[in-house]
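Show me the folded form of this:
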Amino acid sequence: MPILNRAAEMQDEVAGWRRHLHQTPELNFDVFKTAAFVAEKLKEFGCDDVVTGLGKTGVVGIIRGRQGEGTTVGLRADMDALPLNEISDKPYASTVPGKMHACGHDGHTAMLLGAAKYLAETRNFAGSVAVIFQPAEEGGGGGNEMVKDGMMERFDISRVFGMHNMPGLPVGQFAIRPGPIMAATAEFTITVRGRGGHAAMPHGTIDPIVIASQLVGALQTIASRSTDPVEAVVVSVTKFHAGDAYNIIPESAEIAGTVRTLRKEVARKSEERIRAICEGLATAFGARIEVEYDANYPVTFNHAEETVFASDVAAGVAGDAHVHRSIQPVMGGEDFSYMLEARPGAFIFIGNGDTAGLHNPAYDFNDEAIPHGMSYWVKLAETALAA
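Just a heads-up that it's a prediction; the model follows:
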């Protein structure tokens, strides 16, 4: 089934909502204006229930079908932005310094709002649709907070589905896979404590910069020499801070970064190797090395039956040739993983076209994707809740 005529008709209206949200980005759980905008729209559409404050600042709208009792299916979008300065000459560019929608959450929110308006008008299904708008996807774990707040039980959600735009994938196409589709994430901070001194007399010091530099290289052996080559693991050092002067070897140095994996066993082994490497280098150089390691989002794992279902719905919208059913996993993290741990479901990518990449200051959500995303959400709900 192709794009809904109504979705195409609503594109400009939904794009207007999206651009409004793009101009007023908010971070983490502090999405008060965004959540208020969402709740106001859901009430305007005539949703049967609109609940705010879930998972701190999340919003859920409940739309009941005309065709009798049934289960509840959850459709999720994320609302938060990123701490970036936007590089754009667009008239709807961010008006908030240091904040921008560089991951397309403004588009995700707008598409789900458009679907909610359509579903509230037609109600051509049995049971209920829960439209879920969550805060703090970008590192805050807002999805986890909504689950812990009892969202699944409160609204009796039986299955849950998520969607994210993908730059590089043509508009009108979808991509998905069963099993792990996005990685588990962890962050580490390593502090090397040595002995400072004059840069011209390094023999009297324990140079933390030299040790930390050794660490940066040694950590890369976790992927290249400690992990089965057919497994996926990324260990990236993204921060290195040490020293203030040209002629002083400092007392300490700090490096930090992220670990991405697709299996719990690999995640556990990676942490073990980080600690062992630090312990070995500390002994070798006579330094003290402290490791802070924080496991973050789990693997985003698509359930087999729901993945087939979501793929078939997408094929009904885009045509089977435009649905990629076995893409390679993406090593980015996604806190929809918590919802997939709580209920069966699937996470799918929608094409954003030839645009700047995610988390890039030049990124912008492609409004041409709106009718495709809306149609997917509507058809998924109507098919999942068919009488």
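
Neighbours of Thr52, how many?
16 (other CB atoms under 10 Å). (Glycine included, C-beta is placed from N, CA and C.)

From Glu272, how far out is it?
From Thr52 across to Glu272, the span is 43 Å (CB to CB, to the nearest Å).

helix, strand or coil for the residue nearest the centre of the chain?
By CA atoms, centre = their mean, the chain has its centre lying nearest to Glu334, at 3.4 Å. Counting by DSSP: H, G, I helix; E, B strand; the rest coil, the backbone at Glu334 sits in coil.

And it, how far from Ile181?
8 Å.

One more: Gly46?
From Gly46 to Ile181 the distance is 34 Å (CB to CB).

more crowded one of the two?
Using other CB under 10 Å, the more surrounded residue of Gly46 and Ile181 is Ile181, with 27 against 13.

just checking, that one touches Asn302?
Yes. Using CB atoms under 8 Å, Ile181 makes contact with Asn302 at a distance of 5.2 Å.

What are the buried residues along stretch 91-105?
Within stretch 91-105, the residues that count as buried by 16 or more other CB atoms under 10 Å are 92, 94, 99-105.

How far does it stretch from one end to the other?
19 Å (CA to CA, to the nearest Å).

can you list contacts of it?
The contact list for stretch 91-105, computed with CB atoms under 8 Å, 6 or more residues apart in numbering, reads 19-27, 77-86, 88, 107, 137-138, 164-165, 352, 358-361, 363, 365.

packing partners for the stretch of helix or strand Ile348 belongs to?
Using DSSP states H and E, Ile348 sits within strand 345-351. Under the contact criterion of 3 or more CB pairs under 8 Å, 6 or more residues apart in numbering; DSSP states H and E, strand 345-351 touches strand 157-166, strand 174-175, strand 300-302, helix 304-318, helix 336-342, helix 370-384.

partner strands of it, parallel or antiparallel?
Pairing partners of strand 345-351, with direction, according to DSSP bridges: strand 157-166 (parallel), strand 174-175 (antiparallel).

and the first one, how far from the chain's centre?
Offset of strand 157-166 from its chain centre (CA atoms, centre = their mean, to the nearest Å): 11 Å.

cool, the shortest one as well?
Here strand 174-175 shows a centroid-to-chain-centroid distance of 16 Å under the convention CA atoms, centre = their mean.

Checking my notes, Tyr363 in a strand, right?
No. The assignment for Tyr363 by three-state DSSP gives coil, which leaves it out of any strand.

Excluding covalently adjacent residues, which one is nearest to it?
Ala356 (4.3 Å; CB to CB, 6 or more residues apart in numbering).

From the rest of the structure, what touches the strand holding Ile348?
By CB under 8 Å, 6+ apart, strand 345-351 touches 74, 159-166, 169-176, 181-182, 300, 302-303, 306-307, 309-311, 314, 327, 334, 336, 339-340, 369, 372-373, 376.

quick one on the thing from earlier: so which of the strands paired with strand 345-351 gets nearest Glu265?
The minimum distance between Glu265 and these falls on strand 157-166, with 25.3 Å, by CB to CB.

Give me the mean pLDDT for that closest one.
Averaging pLDDT along strand 157-166 gives 98.

cool, and stretch 182-191?
For stretch 182-191, the per-residue pLDDT averages 98.

Over to stretch 3-13?
For stretch 3-13, mean pLDDT rounds to 97.

Need the residues that contact it.
114, 117-118, 317, 367, 370-372, 374-375, 378-379.

Would you mind giving the secondary structure of the closest residue to Glu382 other than its chain neighbours?
Of all residues not flanking Glu382 in the chain, Phe125 sits nearest, at 5.0 Å (CB to CB, 6+ apart). At Phe125 the chain is in coil, as set by three-state DSSP.

Let me know whether Phe125 touches Lys379 as I believe.
No. With contacts counted by CB under 8 Å, Phe125 stays clear of Lys379, the gap being 10.6 Å.

which of the two has more neighbours?
The neighbour count for Phe125 versus Lys379, taken as other CB under 10 Å, is higher for Phe125 (24 against 20).

Show the contacting residues for that one.
For Phe125, counting by CB under 8 Å, 6+ apart, the contacting residues are 65-67, 70, 119, 381-382, 384-387.

Pull out the buried members of those residues.
65, 70, 119, 381-382, 384-385.

Now the two most distant members of those.
Gly70 and Leu119 (13.8 Å).

And the buried ones among the contacts of strand 345-351, selectable in PyMOL?
PyMOL command restricting these to the buried ones, with burial defined by 16+ other CB under 10 Å:
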select buried, resi 74+159+160+161+162+163+164+165+166+169+171+172+173+174+175+176+181+182+300+302+303+306+307+309+310+311+314+334+336+339+340+369+372+373+376
